[in-house]
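Participant: Got a predicted structure here, sequence first:
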Amino acid sequence: MLLYSTTPEDREVMWDTLLLPFLEDAVQKTPTYIIGAYFDACRWGIHHFPPNHFFPLLKFTVTKVQTTLWQRDGVEDTEQGSGAATAMADRFALQSKWLYFIQSVLIELDGEDDVGATSKLPWYTAGLMHSTVLASEGSNYEELQLGQCWTHVSEALIPSLLNAIGHPYDKCRDHIASLLFRMCYCHRKFINTLSYGKGSCNNDPGITIMNQLVGIQDSSSYSFKEKNRALGTARKFVAYCVHWGDAKHEYSQFIIPLLPLAFKALQTTDEQVSVEDRGIEAELADISTACVVTYGVPNDITRVLTILKEMSVHDNWQIRQASAHFLRCFQGAHKFLFSQDQAGSSLSIAISLLSDDRREVSNAATSALTGILATMPQSALEELVAKYIKIANKSIKKKKKKTTDTEMSKEEAEEKAAKEKQRAKRQQRSVFVLCAVVMGRPYDTPPYIPEALAALSKHSFEHRASMGVRDEVKRVCSEFKRTHTDNWEAHKRQFTQEQLEALEDVVSTPHYYA
């Protein structure tokens, strides 16, 4: 029908009287689980036409989203009962349909690798159309039409979407996040390909969207529930940038600025880790491994490490744990791209987390440090082991001296407790560094490994270290013995008799007659 329309007026009449009324009726009556069929049919129907041929469809779908979409300033339904819940679910389902359907139109505005191809009719339509129609379709005119389509979308649709990022319905939030990403991605591609609007930052939807998403955490205009929902939308936006975006642009412009927001979304009042928290951690893992900074901007690696350093000292333990996991994955994907300063920064972040009070954080940091140390040269490892053996030996808990019963003042008691806390942190940090060194060599025995194991054995006794430190030492020594069992006679030659006895004291099972 679009091919046989000889004038723009004929197309307008056809859309207004036939196609759009049918589409509105069909979307309302179609179950959600088969709305994808209309999505594919719409893309197939308009795929080979320039934007001015389906601009009425674009305006219609934008209007439908504006009129049906839940808005934050509106009155939220709080009525209870099955009737109110059913009506609300039906209304949200309709919103989800229109949010999903409009993406089919936006995709076809960016349906080709060369955006300019969308402004031209395919070659095989020449025999089906009137010659006057073909003569009126100039490339410059069609590029202007394409620019006007994106201008209409940016001005009419983006404000409604940003005002609904705290939508109560998760499916709608998912569609909103994908729409926001698609607008940023397609607008940049359109500006870079065509000359329309190039050099103007005022119409860039990415700036508007980023300003809104970055301000969610510190905004006081959201209620508690709305803020959590808006944070969920921001996380979905980041996920789409990771999986659908171009690393050269999305990583630098969108993902890195939103990375602190993704970490802080883990901050909850509940000490338990929820299923949603696990989902957030999975998204962070995707960011750390799926996006590799190989596009020639090393400063972006430094930006990520700076964010990780800030998150590693956060008050919430879940955020500190997530930063350790992120560092492990990020360092593994970028270790050959790190400069010397960046490698030192990642090492210092991991070591600083080893002395954390939460066992979950220190264990995650130990895993991250093991991967970092596994790629370090042997000379650097020998220096590191020698340094932390000295710290570990000095931090061993000393026996209490017998003194006369004299009461200490409050200030003296606080000072003594602070010194003991610092000693325990130094001990835990130094011991866990040595543990990471040992765990990084599961199949060979360099000269510094026996020295590290001998130093660790001193911290396996009850009166010398806390339970967490003792358990980690015993676990690492047992794991070392297990992984070296097959060629133990060869590995054994690297130890002195004193070092072997120290290792056996830790791994051997106490005997009743001993």
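Facilitator: It's in.
Participant: For the stretch 201-350 of the chain, give me the ranges with low pLDDT.
Facilitator: 201-203, 247, 268-283, 285, 289-291 (pLDDT under 70).
Participant: go again using 80 as the cut-off
Facilitator: 201-204, 245-250, 265-298 (pLDDT under 80).
Participant: same deal with the chain?
Facilitator: Looking at the chain by pLDDT under 80, you get 1-8, 73-90, 109-148, 150, 186-204, 245-250, 265-298, 397-408, 462-464, 508-514.
Participant: So which residue is smack in the middle of it?
Facilitator: The geometric centre of the chain, computed from its C-alpha atoms, lies nearest to Leu284 (CA atoms, centre = their mean), at 3.2 Å.
Participant: ok, that one - contacts?
Facilitator: Leu284 makes contacts with 262-263, 322, 325-326, as judged by CB atoms under 8 Å, 6 or more residues apart in numbering. For the C-beta atoms, the positions are set from N, CA and C on the backbone; glycine is no exception.
Participant: what's the helix or strand for it?
Facilitator: Here Leu284, judged by DSSP states H and E, is contained in helix 275-290.
Participant: do the same with Ala93
Facilitator: helix 82-109.
Participant: do Asp486 as well
Facilitator: Here Asp486, judged by DSSP H and E, is contained in no helix and no strand.
Participant: Among the contacts of Leu284, name the buried ones.
Facilitator: 262-263, 322, 325-326 (16 or more other CB atoms under 10 Å).
Participant: what's the longest helix in this protein?
Facilitator: Ranked by residue count under DSSP state H, the longest helix found in the chain is helix 410-439.
Participant: so how far is that helix from its chain's centroid?
Facilitator: 33 Å (CA atoms, centre = their mean, to the nearest Å).
Participant: repeat for stretch 37-47
Facilitator: Offset of stretch 37-47 from its chain centre (CA atoms, centre = their mean): 32 Å.
Participant: And it, what's buried?
Facilitator: Buried, per 16+ other CB under 10 Å, within stretch 37-47: 38-39, 42, 45-46.
Participant: Restricted to helices, list those residues.
Facilitator: Those of those lying in helices (DSSP H): 38-39, 42, 45-46.
Participant: Rebuild the residues you listed as CSV, extending it with distance to Asp204.
Facilitator: Output for those, formatted as CSV (distance: CB to CB, whole Å):
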residue, distance to Asp204
Tyr38, 31
Phe39, 27
Cys42, 27
Gly45, 30
Ile46, 26
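Participant: Closest one of those to Ser154?
Facilitator: Nearest to Ser154 among these, counting by CB to CB, is Ile46 at 20.0 Å.
Participant: Count the residues that sit near Tyr448.
Facilitator: Using other CB atoms under 10 Å, Tyr448 has 20 other residues around it.
Participant: His484 now?
Facilitator: Neighbours around His484, by other CB under 10 Å: 19.
Participant: Verify the stated contact: it with Arg441.
Facilitator: No - with contact defined as CB atoms under 8 Å, His484 does not count as touching Arg441 (9.3 Å).
Participant: Who are the contact partners of Ala265?
Facilitator: 231-232, 234-235, 280.
Participant: Switch the residues you listed over to a markdown table; also include secondary structure and distance to His334.
Facilitator: Output for these, formatted as a markdown table (DSSP: H, G, I helix; E, B strand; the rest coil; distance: CB to CB, whole Å):
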| residue | secondary structure | distance to His334 |
| --- | --- | --- |
| Leu231 | helix | 27 |
| Gly232 | helix | 28 |
| Ala234 | helix | 24 |
| Arg235 | helix | 22 |
| Ile280 | helix | 22 |
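Participant: Need the residues you listed in CSV (columns: distance to Ser219 and neighbour count).
Facilitator: CSV is the format used below for those (distance: CB to CB, whole Å; neighbours: other CB atoms under 10 Å):
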residue, distance to Ser219, neighbour count
Leu231, 11, 23
Gly232, 15, 21
Ala234, 12, 24
Arg235, 16, 22
Ile280, 19, 19
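Participant: now for the residues you listed, which pair is the farthest apart?
Facilitator: Farthest pair in the contacts of Ala265 (CB to CB) is Ala234 and Ile280. Separation: 10.9 Å.
Participant: Common neighbours of the two, please.
Facilitator: The contact lists of Ala234 and Ile280 share 262, 265, where a contact means CB under 8 Å, 6+ apart.
Participant: Looking at the buried residues of stretch 37-47, spot the one nearest Ile301.
Facilitator: Distances from Ile301 to those, taken by CB to CB, are shortest for Phe39, at 38.7 Å.
Participant: Skip the chain neighbours and tell me the closest residue to that closest one.
Facilitator: Residue nearest to Phe39 in three dimensions, not counting chain neighbours: Ser104, with 4.7 Å by CB to CB, 6 or more residues apart in numbering.
Participant: ok, now how distant is that neighbour from Val214?
Facilitator: 29 Å (CB to CB, to the nearest Å).
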